[in-house]
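Undergrad: can you look at this prediction? I've put the sequence above it.
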Amino acid sequence: MKKIVKKRGFKYLMSFLIPFFILLSMTIRPLMTNIFGEEILIKTKPFDPRDVFRGDYVRLDYEISEVPLEKLENEILAMKNGNGYEDFKGLKKKELYVILKEYNDFYMVDKVTLQKPNGGVFLKGKYKYPIYKELDKEELQKKENGIHKIEVKGIRIDYALDKYFVPENTGKNLEDTVIKGKNLAKIKVYNGYSLLKEILPIE
């Protein structure tokens with residue numbers, strides 16, 4: 001009887017501890033980033049939808065999310081198979097490391113690699129899709145005639161930094177102040193993990 005009680009007690013304890021440690025692990029990385037992370041500025045392009053579960057938020061589109069081919073290391077370029085919409089398909093399950101460099105007080109992409117850097121400012125990201133070259137009049141005509149070949153000029157990377165939550169009913173006000181121009185996002189970076197802190201207008 002005592003053994004049964006002990007087993008049940010152990011199960012109840014584990015049923016409590018497992019979710020607790022899962023939640024704890026989810027908060028450690030943001031906490032470490034907030035305390036020890038390096039603060040940097042990156043350029044943004046905002047637009048403002050609404051999240052019915054969490055109030056208002058501004059959705060951000062970052063300049064560093066669109067990376068030209070010349071910023072990709074050879075190991076990544078080797079995955080470009082010239083098949084248009086299927087280009088870089090092999091990147092979908094891989095972790096990308098985006099090394100940033102400071103230019104005029106804000107950070108831009110220096111290069112993208114599959115290998116984790118030993119130091120410096122870098123972000124971890126996920127490949128989303130290829131970016132295609134815009135068509136001129138001649139190329140549009142070729143497309144209509146069915147002889148145009150899709151040309152990839154870069155890739156899009158997701159950093160999970162696309163939402164900036166604000167108090168309810170204030171998201172529109174924030175958007176109105178920045179919609180006419182580009183903005184800066186203040187983020188903290190620690191070992192590749194990033195934390196969005198603030199949105200600032202470019203003065």
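TA: Received, thanks.

Undergrad: surely Pro130 meets Ile155?
TA: Yes: using CB atoms under 8 Å as the test, Pro130 is close enough to Ile155 to be in contact (5.6 Å). C-beta coordinates here come from the backbone N, C-alpha and C atoms, glycine included.

Undergrad: okay, and the common contacts of the two?
TA: Phe88 (CB atoms under 8 Å, 6 or more residues apart in numbering).

Undergrad: higher neighbour count, those two?
TA: Comparing Pro130 with Ile155 by neighbour count (other CB atoms under 10 Å), the higher total belongs to Ile155, at 26 against 22.

Undergrad: tell me where the protein has helices.
TA: 2-36, 74-77, 137-144, 171-178 (DSSP state H).

Undergrad: what's the shortest one in contact with?
TA: Pointing back at helix 74-77 there. Here helix 74-77 makes contact (CB under 8 Å, 6+ apart) with Leu69, Phe88, Leu91, Leu96, Val112, Thr113, Leu114.

Undergrad: hmm, try it at 10 Å
TA: 67, 69-70, 88, 90-91, 94, 96, 111-115, 127, 155 (CB atoms under 10 Å, 6 or more residues apart in numbering).

Undergrad: PyMOL command for the buried members of these?
TA: Applying 16 or more other CB atoms under 10 Å to the contacts of helix 74-77 leaves a buried subset, and the PyMOL line that selects it is:
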select buried, resi 67+88+91+96+111+112+113+127+155
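
Undergrad: lowest average pLDDT across the helices of the chain?
TA: Comparing mean pLDDT across the helices of the chain, the weakest is helix 137-144, with a mean of 53.

Undergrad: any weak-confidence spans in the chain?
TA: Counting by pLDDT under 70, the chain has low-confidence residues at 1-27, 46-55, 82-86, 135-149, 168-182, 203.

Undergrad: make it 90
TA: Scanning the chain with the threshold set as pLDDT under 90 gives 1-37, 44-61, 79-93, 104, 132-152, 162-184, 198-203.

Undergrad: now do the strands in the chain.
TA: Counting by DSSP state E, one finds strands in the chain at the ranges 38-47, 50-51, 55-62, 66-68, 95-103, 106-113, 122-132, 152-158, 163-165, 183-190, 193-201.

Undergrad: flag every buried residue along the longest one.
TA: The one in question is strand 122-132. For strand 122-132, by 16+ other CB under 10 Å, it's Phe122, Leu123, Lys124, Gly125, Tyr127, Tyr129, Pro130, Ile131.

Undergrad: from Pro201, how far off is the residue nearest to the first one when sequence neighbours are not counted?
TA: Meaning Phe122. Counting by CB to CB, 6 or more residues apart in numbering, Ile99 is the residue found nearest to Phe122 once chain neighbours are left out, at 4.7 Å. Using CB to CB, to the nearest Å, we find Ile99 at a distance of 27 Å from Pro201.
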